[in-house]
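sequence-free structure coming up:
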DNA sequence: TTGTAGGCGTTATCAG
DNA sequence: CTGATAACGCCTACAA
């Protein structure tokens, strides 16, 4: 399979390479006759366009990168699907990489994108990404969209969900059901997202005249088992707690386990709200009331914004915050909670 | 941010581009002195290697494609993670695309890969992919690894699991627990994978002197909701069924929903086995007994094989069939099933 | 409307 | 050990 070049096609059609190039990209004025001749030659020769050469010549490319920490997480695979779809609409190719929370892998990927002359990227940066990484990114002049995780750097476009409002919804729901002893469970101390969710939680408490207790706000790793561990300790120390807003659905599932182990029944004498609306949330018994964040839509919006940046849109950095919604299921009970004071 | 080229670095270091290129790639013999000079110049100038130019010159690339039909399916996202990891080990960049079962999208992606001079691809082809698509692939001289779905084309490398054996395991397990009224739920009619799984199911029944009932073998889309829909219809018509082998975990999760809705309890009066061992399988209550196919491992193996092909391995096409394993959890109960005849 | 020719940044060949 | 130079395949002034 020797590669067929423009020049060969041109020769076969009896025209110059310039003409073929123009036909290929519908540029310039070409007579109908020669156009057809060229098209025929193109077809007969089995020509395959060489993007690489074109990209080199144009100092451009049609490739964008997506960095996640874990594609295995249903939230991110949904988001990926949304982004992928959007990229395809614009004939952009999508590079995928998993940082697995490693700053080094993340840096390697970005470097690789730069070497490959990618024209943009969507990042959900690894947890403890240093500011230096972002500074490095700014120096390159390439469109970057941050997603999901905020790093307090206003120089980048950002697409994510309204964490603050999300936990406000969750908390308001519990308050409406009569709960007054509400805990916040999950998230890791150094997480900005967590700070926002805690903000929504506490602000809503205060709005209702309750003062948030720091000792009822506990961290946990993003796993069911750690959620269970943490919840058990908390509820042993403070049995008066009757409800919890969880940082993540996964954690909420762990809390459910702990409750059962302690002889309490989620949905009856304890109310639980999660965050993310992962698939499992609908499956457990009782099904988990949770805050839904439309992962696919985040991907789509990020793609849209990235594309506009690639097209040259140079408005100041945007923050697109998609509104979350409360999905009410069984885990808070459907009536006034019995355990409320 | 004007791009710094080799030539500029060369000038700064007072050497030729050839020398810089050699230093960059550790090729040829370069004196320690000039090497250091060049490295310093490289560093000071903020040079970024231009893969595109190198690729053009070398008629090669470091980019491979992965085509899936649905990255949202946890099985495929696991597989993607495995492949992605493997690709990164070899400094290959991974293009991702979702065909969404559309032959047209699939073709577009492959064409795009060819234009971009990708050096290989891993495909899980769309369902009704015509032979012509594969023929086209063969004409290009590019390594292709098919995964998961077989298309009976022996000219391609293939990595997948032993579907037949997998459902044999699942079915044997249910039989051992005493079940005699066992259904097969899920998969779409025209799926080759499904045919194999049904084969394992029915062969095991027959081995035990049971004759498979066609009306207890029902298809479903790859979603929880459709699994639930289909299961409800089936179990309403045939309440005597006490167990089911499901085509996929997702479908099994849907069946669980249906069971609960109908007042039956998975793990107590109904036994359920899934297939895939997706993450959620371990999380639902009761946890799902399932056939584990090590999706991540399939991705990894596909990556390994692809890499060896890219390196020039031209042995005849291989079929790598990974053995599935039964993962016993709670969804079949731990004792003789009460509902068995 | 079409052709000519130089250059995108790197690499490999071949002298020196 | 190092330098000059011609490709790689395409695009685009500039000419014709």
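Arrived safely. Here the structure is a predicted model, which is why all the values come from computation and not from measurement.

make it CA atoms for all contacts and neighbour counts henceforth
Fine.

show me which residues of stretch A:197-209 are buried.
A:197, A:198, A:199, A:200, A:201, A:202, A:203, A:204, A:205 (16 or more other CA atoms under 10 Å in any protein chain shown).

can I assume the fourth one sits in a strand?
No - the assignment for residue A:200, made by DSSP: H, G, I helix; E, B strand; the rest coil, is helix rather than a strand.

contacting residues for the closest residue to residue A:226 other than its chain neighbours?
Ranked by CA to CA, 6 or more residues apart in numbering or on different chains and with sequence neighbours excluded, the top spatial neighbour of residue A:226 is residue A:220, at 6.0 Å. Contact analysis of residue A:220 by CA atoms under 8 Å, 6 or more residues apart in numbering or on different chains lists A:185, A:186, A:187, A:188, A:226, A:227, A:230, A:251.

give me the beta-bridge partners of the first one?
This means residue A:185. Beta-bridge pairing for residue A:185 (DSSP bridges): residue A:218, residue A:246.

gap between it and residue A:229?
From residue A:185 across to residue A:229, the span is 11 Å (CA to CA, to the nearest Å).

please apply the same query to residue A:3.
Computed as CA to CA, the residue A:3 to residue A:229 distance reads 61 Å.

so whatever residue of the stretch 1-150 of chain A ends up closest to chain B is in which element?
In the stretch 1-150 of chain A, the residue that lies nearest chain B is residue A:95 (4.5 Å; CA to the nearest CA). Taking DSSP states H and E as the definition, one finds residue A:95 inside strand A:93-98.

contact partners of that strand?
Contacts for strand A:93-98 (CA under 8 Å, 6+ apart): A:62-71, A:84, A:87, A:105-106, A:109, B:81, B:84-85, B:93-97, B:112.

among these, which ones are in strands?
A:63, A:64, A:65, A:66, A:67, A:68, B:93, B:94, B:95, B:96, B:97 (DSSP state E).

and those residues as a markdown table, adding neighbour count?
Below are the ones in strands among the contacts of strand A:93-98 laid out as a markdown table (neighbours: other CA atoms under 10 Å in any protein chain shown):
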| residue | neighbour count |
| --- | --- |
| A:63 | 20 |
| A:64 | 26 |
| A:65 | 27 |
| A:66 | 24 |
| A:67 | 25 |
| A:68 | 25 |
| B:93 | 24 |
| B:94 | 27 |
| B:95 | 25 |
| B:96 | 27 |
| B:97 | 29 |
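
between the residues you listed, which sits nearest residue A:132?
residue A:67 (17.3 Å; CA to CA).

thought the closest one was touching residue A:106?
Yes - using CA atoms under 8 Å, residue A:67 is in contact with residue A:106, at 7.4 Å.

shared neighbours, these two?
With CA under 8 Å, 6+ apart as the test, residue A:67 and residue A:106 both reach A:98, A:99, A:125.

can you lay out those residues as TSV showing pLDDT and neighbour count?
Listed next are the shared contacts of residue A:67 and residue A:106 as TSV, based on pLDDT from 0 to 100; neighbours: other CA atoms under 10 Å in any protein chain shown:
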residue	pLDDT	neighbour count
A:98	96	23
A:99	96	23
A:125	94	26
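
quick one, which of residue A:3 and residue A:229 is more surrounded?
residue A:229 (16 against 13; other CA atoms under 10 Å in any protein chain shown).

which ones are touching the nearest residue to the more buried one once chain neighbours are set aside?
Distances taken as CA to CA, 6+ apart place residue A:258 nearest to residue A:229, at 7.2 Å, with adjacent residues excluded. By CA under 8 Å, 6+ apart, the contact set of residue A:258 is A:228, A:229, A:231, A:232.

which of those fall within helices?
A:228, A:229, A:231, A:232 (DSSP state H).

mind checking pLDDT for the second one?
If I follow you right, that is residue A:229. Predicted confidence (pLDDT) for residue A:229: 94.

distance of it relative to DNA strand C?
53 Å (CA to the nearest atom of the strand, to the nearest Å).

quick revisit: now the host helix or strand of the residue nearest to residue A:229: how far from the chain's centre is it?
For residue A:258, the host element (DSSP H and E) is helix A:249-261. Computed by CA atoms, centre = their mean, to the nearest Å, the chain-centroid distance of helix A:249-261 equals 25 Å.

got the angle between the following helix or strand past that helix and helix A:249-261?
Sequence-wise, the next helix or strand downstream of helix A:249-261 (DSSP H and E) is strand A:271-276. Calculated by axes from the mean of the first three to the mean of the last three CA atoms, to 10 degrees, strand A:271-276 forms an angle of 160 degrees with helix A:249-261.

now the helix or strand just after strand A:271-276: mean pLDDT?
Per DSSP H and E, the first helix or strand lying C-terminal to strand A:271-276 is strand A:289-292. Mean per-residue pLDDT for strand A:289-292: 94.

please apply the same query to stretch A:142-155.
Averaging pLDDT along stretch A:142-155 gives 90.

close to chain B, is it?
No - no part of stretch A:142-155 sits close enough to chain B to count as contact by CA under 8 Å from any CA of the partner chain; the gap is at least 10.1 Å.

any low-confidence regions in chain A?
A:1, A:334-341 (pLDDT under 70).

which stretches of it form helices?
A:6-13, A:17-25, A:32-45, A:51-58, A:74-89, A:103-115, A:131-139, A:163-176, A:192-207, A:224-237, A:249-261, A:295-310.

as CSV, these with distance to DNA strand D would be great.
Shown next, in CSV, are these (distance: least, CA to the nearest atom of the strand, whole Å):
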stretch, distance to DNA strand D
helix A:6-13, 3
helix A:17-25, 4
helix A:32-45, 11
helix A:51-58, 4
helix A:74-89, 19
helix A:103-115, 16
helix A:131-139, 26
helix A:163-176, 44
helix A:192-207, 44
helix A:224-237, 52
helix A:249-261, 49
helix A:295-310, 16
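
residue B:146: which of those is closest?
That would be helix A:74-89 among the helices of chain A, by CA to CA, at 21.0 Å.
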